[in-house]
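**Q** Structure for the following, please:
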Amino acid sequence: MPDLNPIFTARFNSGDAAALSELYEKDAVFHTPAGPVSGREAIRTMYAAMLADSPTIDSEARRILICGDIALIISEWSFTSGDSGDATSSGISVEVARRQPDGTWLYIIDEPRIPRH
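**A** This is a model prediction of the structure:
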(Lines give C-alpha, C1' and ligand atoms only; values in the text may rest on other atoms or scores of the structure.)
Protein backbone atom coordinates (compact mmCIF):
# COMPACT_ATOMS: atom_id res chain seq x y z
CA MET A 1 0.00 0.00 0.00
CA PRO A 2 1.39 3.42 -0.94
CA ASP A 3 1.30 5.16 2.44
CA LEU A 4 4.15 7.58 1.86
CA ASN A 5 3.23 9.69 4.89
CA PRO A 6 5.55 8.05 7.46
CA ILE A 7 8.51 8.34 5.08
CA PHE A 8 7.57 11.90 4.08
CA THR A 9 7.18 12.96 7.73
CA ALA A 10 10.52 11.47 8.78
CA ARG A 11 12.39 13.09 5.90
CA PHE A 12 10.67 16.45 6.37
CA ASN A 13 11.39 16.48 10.10
CA SER A 14 15.04 15.53 9.48
CA GLY A 15 15.40 18.67 7.37
CA ASP A 16 16.81 16.76 4.38
CA ALA A 17 15.36 18.44 1.28
CA ALA A 18 17.26 16.15 -1.10
CA ALA A 19 15.92 12.98 0.54
CA LEU A 20 12.43 14.49 0.62
CA SER A 21 12.53 15.34 -3.08
CA GLU A 22 13.45 11.73 -3.87
CA LEU A 23 9.85 10.83 -2.95
CA TYR A 24 8.78 12.58 -6.18
CA GLU A 25 9.05 11.39 -9.77
CA LYS A 26 11.47 13.33 -11.97
CA ASP A 27 8.65 15.37 -13.58
CA ALA A 28 6.32 15.62 -10.58
CA VAL A 29 4.22 18.71 -9.90
CA PHE A 30 3.84 20.35 -6.48
CA HIS A 31 1.25 23.09 -6.03
CA THR A 32 2.33 26.11 -3.96
CA PRO A 33 0.37 29.29 -3.14
CA ALA A 34 2.47 31.02 -5.84
CA GLY A 35 1.64 28.36 -8.43
CA PRO A 36 2.90 24.95 -9.49
CA VAL A 37 6.51 23.84 -9.08
CA SER A 38 7.51 21.26 -11.67
CA GLY A 39 10.33 18.75 -11.55
CA ARG A 40 12.24 17.03 -8.77
CA GLU A 41 15.05 19.61 -8.69
CA ALA A 42 12.62 22.53 -8.38
CA ILE A 43 10.75 20.64 -5.64
CA ARG A 44 14.06 20.06 -3.80
CA THR A 45 14.85 23.79 -4.01
CA MET A 46 11.37 24.65 -2.70
CA TYR A 47 11.77 22.24 0.23
CA ALA A 48 15.28 23.55 1.01
CA ALA A 49 13.81 27.05 1.47
CA MET A 50 10.86 25.72 3.46
CA LEU A 51 13.07 23.65 5.77
CA ALA A 52 15.56 26.46 6.45
CA ASP A 53 13.97 27.35 9.81
CA SER A 54 13.59 23.68 10.92
CA PRO A 55 9.80 23.32 10.95
CA THR A 56 8.12 20.05 11.87
CA ILE A 57 5.17 18.28 10.34
CA ASP A 58 2.83 15.50 11.33
CA SER A 59 0.91 13.83 8.52
CA GLU A 60 -1.45 10.88 8.47
CA ALA A 61 -3.15 9.25 5.50
CA ARG A 62 -6.92 9.18 5.94
CA ARG A 63 -7.80 7.46 2.68
CA ILE A 64 -5.82 5.69 -0.01
CA LEU A 65 -7.55 4.69 -3.25
CA ILE A 66 -5.64 2.51 -5.70
CA CYS A 67 -6.33 1.82 -9.37
CA GLY A 68 -3.59 -0.31 -10.89
CA ASP A 69 -0.32 1.56 -10.53
CA ILE A 70 -1.90 4.89 -9.54
CA ALA A 71 -2.93 5.89 -6.03
CA LEU A 72 -4.86 8.83 -4.65
CA ILE A 73 -3.79 9.67 -1.09
CA ILE A 74 -5.83 12.00 1.13
CA SER A 75 -4.05 13.08 4.29
CA GLU A 76 -4.44 15.38 7.28
CA TRP A 77 -1.38 17.32 8.38
CA SER A 78 -0.23 19.85 10.94
CA PHE A 79 2.81 22.07 10.54
CA THR A 80 4.74 23.91 13.24
CA SER A 81 7.23 26.67 12.51
CA GLY A 82 10.75 25.83 13.63
CA ASP A 83 11.86 29.33 14.67
CA SER A 84 9.33 30.06 17.36
CA GLY A 85 7.44 26.81 17.55
CA ASP A 86 4.20 28.68 18.07
CA ALA A 87 3.16 29.30 14.45
CA THR A 88 1.10 26.33 13.39
CA SER A 89 -1.16 25.46 10.52
CA SER A 90 -3.08 22.39 9.51
CA GLY A 91 -4.96 21.12 6.55
CA ILE A 92 -5.82 18.34 4.18
CA SER A 93 -3.62 17.32 1.28
CA VAL A 94 -4.25 15.27 -1.82
CA GLU A 95 -1.43 13.47 -3.60
CA VAL A 96 -1.30 11.21 -6.61
CA ALA A 97 1.41 8.55 -6.53
CA ARG A 98 2.58 6.02 -9.11
CA ARG A 99 3.99 2.55 -8.46
CA GLN A 100 7.53 2.30 -9.79
CA PRO A 101 8.98 -0.77 -11.56
CA ASP A 102 10.72 -1.77 -8.30
CA GLY A 103 7.38 -1.73 -6.42
CA THR A 104 7.97 1.53 -4.52
CA TRP A 105 5.64 4.51 -4.87
CA LEU A 106 6.53 8.10 -5.77
CA TYR A 107 4.43 11.24 -5.84
CA ILE A 108 3.53 12.61 -9.26
CA ILE A 109 1.13 15.34 -8.09
CA ASP A 110 1.09 17.01 -4.67
CA GLU A 111 -1.64 19.43 -3.60
CA PRO A 112 -0.86 20.15 0.06
CA ARG A 113 -3.45 22.79 0.90
CA ILE A 114 -7.05 21.78 0.41
CA PRO A 115 -9.31 24.11 2.42
CA ARG A 116 -11.46 22.51 5.08
CA HIS A 117 -15.19 23.20 4.80
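
**Q** going forward, measure contacts and count neighbours with C-alpha atoms only.
**A** Noted.

**Q** now the strands: where do they sit in this protein?
**A** 24-32, 35-38, 56-67, 70-80, 88-99, 105-114 (DSSP state E).

**Q** Rebuild those as CSV, extending it with distance to G15.
**A** Written out in CSV, the entries for the strands of the chain read as follows (distance: least, CA to CA, whole Å):
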stretch, distance to G15
strand 24-32, 16
strand 35-38, 19
strand 56-67, 9
strand 70-80, 13
strand 88-99, 17
strand 105-114, 18
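
**Q** And these: which comes nearest M50?
**A** Checking the strands of the chain against M50 by CA to CA gives strand 56-67 as the closest, at 10.5 Å.

**Q** residues in contact with Y24?
**A** Remark: with contacts taken as CA atoms under 8 Å, 6 or more residues apart in numbering, Y24 is in contact with 40, 106-108.

**Q** which residues of this structure score low on pLDDT?
**A** 1, 83-86, 115-117 (pLDDT under 70).

**Q** farthest-separated two in the contacts of Y24?
**A** When these are compared pair by pair using CA to CA, the farthest-apart members prove to be R40 and L106, with a separation of 11.0 Å.
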